[in-house]
Structure formats: C-alpha cells, structure tokens
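**Q** Next input, structure requested:
(one chain, ligands or ions: 2)
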Amino acid sequence: MSSYDDTTPLAREVAELTRRRIALADSSLPVPAATRIITVANQKGGVGKTTSTVNLAAALAQAGARVLVIDLDPQGNASTALGVEHRADTPSVYDVIIGDTPMIDVVQSSPEFPGLACIPATIHLAGAEIELVSLVAREQRLRTALENFLDQTDERYHYVFIDCPPSLGLLTINAFVAAREVLIPIQCEYYALEGLSQLLDNIKLIQRHLNPKLAVSTILLTMYDARTNLANQVVEEVRSHFPKEVLTTVIPRSVRISEAPSYGQSVISYDGNSPGSISYREAAAEIARRSAA
Ligand code: ATP
Ligand code: MG
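**A** Numbering: from 1, shown residues only. Ligands and ions are numbered 1, 2, ... in the order given. Modelled structure (predicted):
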C-alpha cells in the first residue's frame, strides 16, 4: 500500500491542481495573426473586470504573447496591479483621449513580464466623461489613438485589453468603438444577470451605429465558490443563456487573487501555482485558442 493517502479530499485537490499545472506547462499557445482588441466591460461594479484584465494579460504575456493593457478606469486599479506609475502627473490615457498625446508617449512596460505594457490611468480621467462631451468625434478618440499607436510602434502586439470603469458612459463607449471583441466578467452571485440585458442592448446600439464589427466573444465567470449551491446555479444559468461565449474555465474565489494587487503584481507572478493563477492561465489558453469572432 502506498504510504501517501490520495483518497482524502485535500490530497485529491492537490493531485488535480498538479495535473492542471502540468497540462499548462506542456502546451504552448497560438498567437493571433492580427492584433485582437478586447474590451473588458460590465457596468456592475466589483465583478472582476480589472482582476480579469490584468491576470489574463499577464498569463498571455507569460506564455510569450505581446500584450497591451489600456487602463480606462479613473480608479487606476489595472495600472496599480501591473506595477506601473500612475501618479497625478504621470502622462496617461487621459492625455491621449483629451489632449491628443500619442499613445507611444505614455505607454509603460510592466515589470511583471517581458512583452507586457500598460497605458496607465490617473485621477485626471475622472473628468474625462464630461470633457469628452464637447470634443469632436468623442466616441472615436480611443480608436483613432490606438490605430495610430499600433501603426507606429515597432512592437507587434498580439492582444490589447481595455479595462473599463463600472459605467456605460463615454469612456466605455470609446472602448467599445476601439475593440473587436467584448469580454464580460460575471460574478457568480445572486444578482449575476441583473443589468446584463442593459449591457447587451448598449453593445447592440454600438454595433448598429458606431462599430459593426464588435462582438461579445467571451464571458468569464468569476469569484466562484464551489461550496455554495447558488454559485452552481448561476454557472448553469449563464451557460444556458450563452453556451458559446462562456469559457469552460471558471475563476474561483481566492484570497491570493485579491491580495496580489497590493504587491503591484498579478496573481500569475505573485503566486503562480495557486488555484487562482492556474485558473486564469487556463482561461487565457481558452481565449488564445478561440479565434476572434
Ligand atoms: P470596478 O467596477 O470597481 O472597476 P471590477 O469589476 O474591476 O471593479 P475587481 O476590482 O477586479 O472588479 O474586483 C473587485 C474586488 O474583488 C477586488 O477587491 C478584487 O481583488 C476582488 N476579487 C476579484 N476577483 C476575485 C477572486 N477571484 N477571488 C477573490 N477576490 C477577487
Ligand atoms: Mg475595475
């Protein structure tokens, strides 16, 4: 008889995690032929937009892709988590959108992984919703800036992720106009689907009037707690509504995920072997293997 008891739940969990880690290490990810521009949006606050943006971007960069994260939230949480400077006087996405500063002048490389870069957000962005109203082509400013940047830069970016604020204002509209894909994080909780139809209606309006190429390509279930029946019901319900879009991978609720940003890190570099990190790497692999809509 083996001296190691692999019949306890904990032992099984450890064995399963090891199996998933080895599967990830054994596989390489394809890179897209053209840059995939993915807006991460949900007007509900605190559903995991920033956490998903940062960790998917980090996971793809770790796998060898070149990834740009555009922080479009005045809170600047993505900038914090990627360890890039975003004090009030740091040149930022605000200067790009409002002041016509080229993105190439504000982009910073993230210390997280080679190939990972960030356009930071500062507190100035809080005024941008109002300042944008009176500007020409107010819905297209991010798209124009990003197109120019991708033309100018020597780096060939494989992915651009845009982290949106929790609202459907002009900043989020700029993100929808600049992107081809929308990734919607949904928190596995009781009110998960509340507000989703409003979000989808807004995306339809953008498709009709401003960006016919936009598609909801990906839905990611976040903060899953396997111990509750409720979380399982939410997963089933979202999967039945969006069978094609929902990733197989579900992101578990994990303390390591929530504490990583306070070290200016993604969970991928902070605790690479934790269940949260492995889940984000699996989600990133699924995204890489699905081609753009
Ligand atoms: P906002 O709408 O304010 O921009 P958000 O949608 O970007 O919020 P996050 O900031 O990513 O959401 O997450 C909200 C909070 O939940 C954060 O404190 C984050 O650390 C925590 N969190 C996110 N995902 C997880 C997870 N899988 N496990 C535990 N905590 C998590
Ligand atoms: Mg956020």
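
**Q** With adjacent residues omitted, what lies nearest to the residue of the chain found nearest ligand 2?
**A** As assessed by Cβ to the ion, ligand 2 sits closest to residue 50 within the chain, at 3.2 Å. (Each C-beta comes from the backbone N, C-alpha and C, glycine too.) Using Cβ to Cβ, 6 or more residues apart in numbering and skipping the chain neighbours, the partner closest in space to residue 50 is residue 77 (4.4 Å).

**Q** about what we covered before: residues touching the residue of the chain closest to ligand 2, list them.
**A** 40, 73, 75, 77-78, 81, 163 (Cβ atoms under 8 Å, 6 or more residues apart in numbering).

**Q** Equivalent analysis for residue 172, please.
**A** 39, 41, 43, 72, 164-165.

**Q** Can you tell me which of those has the most neighbours?
**A** Using other Cβ atoms under 10 Å as the neighbour test, those are led by residue 39, with 30 neighbours.

**Q** Please see if the strand or helix carrying that residue touches ligand 1.
**A** According to DSSP states H and E, residue 39 maps onto strand 36-40. No - Strand 36-40 stays clear of ligand 1 (Cβ under 6 Å from any ligand atom), getting no nearer than 8.1 Å.

**Q** Which strands or helices does that strand pack on?
**A** With contacts taken as 3 or more Cβ pairs under 8 Å, 6 or more residues apart in numbering; DSSP states H and E, strand 36-40 sits against helix 49-62, strand 159-163, helix 170-178, strand 181-187.

**Q** Adding distance to residue 125 and mean pLDDT, write the ones you listed out as CSV.
**A** Below are the helices and strands packed on strand 36-40 laid out as CSV (distance: least, Cβ to Cβ, whole Å; pLDDT from 0 to 100):
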stretch, distance to residue 125, mean pLDDT
helix 49-62, 14, 98
strand 159-163, 12, 98
helix 170-178, 7, 98
strand 181-187, 20, 97
